[in-house]
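>>> with the sequence up front, the predicted model follows.
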Amino acid sequence: MELSIIQNKIYEIRGVKVMLDFDLAEMYDVPTKVLKQAVKRNMKRFPIDFMFELTKNEWKELVTICDQFPETMKHSYIAPSAFTEHGVTMLSSILRSDVAIGVSIQIVRAFVAIRQLVLNPPIDKVGELQNEVIALKEYIEEVFEDYNDINEDTRMQLELINETLAELQSKNKINQPRRPIGFNAIKNRNAGE
């Protein structure tokens, strides 16, 4: 039997992962009535943390949530029994057929696989990449906002510097006489040395 088929028959009820008696009976290839009788004859093996009866409300709620139950079970007035991983293991000791032993091993493996998934959930690489891209986008937007602010400030400062330089140049042009150029200017300069 495939683990995925077994895992689809594991439910969480009262905060515990369990399997229901009619699913187990089907997997063990025995009638549900036979499974329930075997459990009643061996009740000492099934404390409350191994097996418990669902209340009618729990059963109704489960039926409304899950549509995979057989129609006969959906309308049953008798709520099924729920077996924890340890209860399933104990079932294999009272149902001694080779089928029951093989199925119990597979069921325990399914419970272990589910526990591993809960403890070590698969890494969502796409989700991680999306989060990194979002963070990078926010960072780039902040940098560009800062850059635009600096750029605007820099433009204003450069304009002030250019205006000041233009004013200084115009004052220097007005105050300084022009130096003569040409042959006479060089002759006069050499004569002064």
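Cool, the structure landed. Numbers count the residues shown, from 1 in each chain.
>>> how is the chain divided into domains?
Here the domain parsing of the chain from automatic domain parsing is 3-119, 125-178.
>>> what does the pLDDT read for residue 191?
pLDDT for residue 191: 62.
>>> same list (the domains of the chain) but as JSON lines, adding mean pLDDT and mean neighbour count.
Backbone N, C-alpha and C define where each C-beta goes, glycine included. As requested, the domains of the chain are exported to JSON lines (pLDDT from 0 to 100; neighbours: other Cβ atoms under 10 Å):
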{"stretch": "domain 3-119", "mean pLDDT": "82", "mean neighbour count": "16"}
{"stretch": "domain 125-178", "mean pLDDT": "75", "mean neighbour count": "10"}
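>>> can you give me the strands in this structure?
Under the criterion DSSP state E, the chain contains strands at 10-13, 16-20, 51-53, 81-83.
>>> so which elements touch the first one?
What that stands for is strand 10-13. strand 16-20, helix 56-65, helix 98-119 (3 or more Cβ pairs under 8 Å, 6 or more residues apart in numbering; DSSP states H and E).
>>> same check, this time on the last one
Taking 3+ Cβ pairs under 8 Å, 6+ apart as the contact definition, the neighbouring helices and strands of strand 81-83 are strand 16-20, helix 21-28, strand 51-53.
>>> for residue 161, find the nearest of the ones you listed.
Smallest distance to residue 161 across the helices and strands packed on strand 81-83 (Cβ to Cβ): 74.0 Å, for strand 16-20.
>>> give me the contacts around that closest one.
9-12, 54, 80-85, 87-88, 107, 111, 114-115 (Cβ atoms under 8 Å, 6 or more residues apart in numbering).
>>> separation between the residue sitting nearest the centre point of the chain and residue 131?
Residue closest to the average C-alpha location in the chain (Cα atoms, centre = their mean): residue 124, at 5.8 Å. Residue 124 sits at a distance of 9 Å from residue 131 (criterion: Cβ to Cβ, to the nearest Å).
>>> do the same with residue 100
For residue 100 relative to residue 131 (Cβ to Cβ), the value is 47 Å.
>>> please apply the same query to residue 84.
Distance from residue 84 to residue 131, by Cβ to Cβ: 37 Å.
>>> try residue 40
53 Å.
>>> what sits against residue 101?
Taking Cβ under 8 Å, 6+ apart, one finds residue 92 in contact with residue 101.
>>> and if we set it to 10 Å?
For residue 101, the contact set (Cβ atoms under 10 Å, 6 or more residues apart in numbering) comprises 28, 92, 93, 95.
>>> do residue 82 as well
11, 13-14, 16-21, 24, 50-54, 58-59, 62.
>>> likewise residue 97?
28, 29, 30, 103.
>>> look up phi and psi at it.
phi -70, psi 160 (degrees, to the nearest 10).
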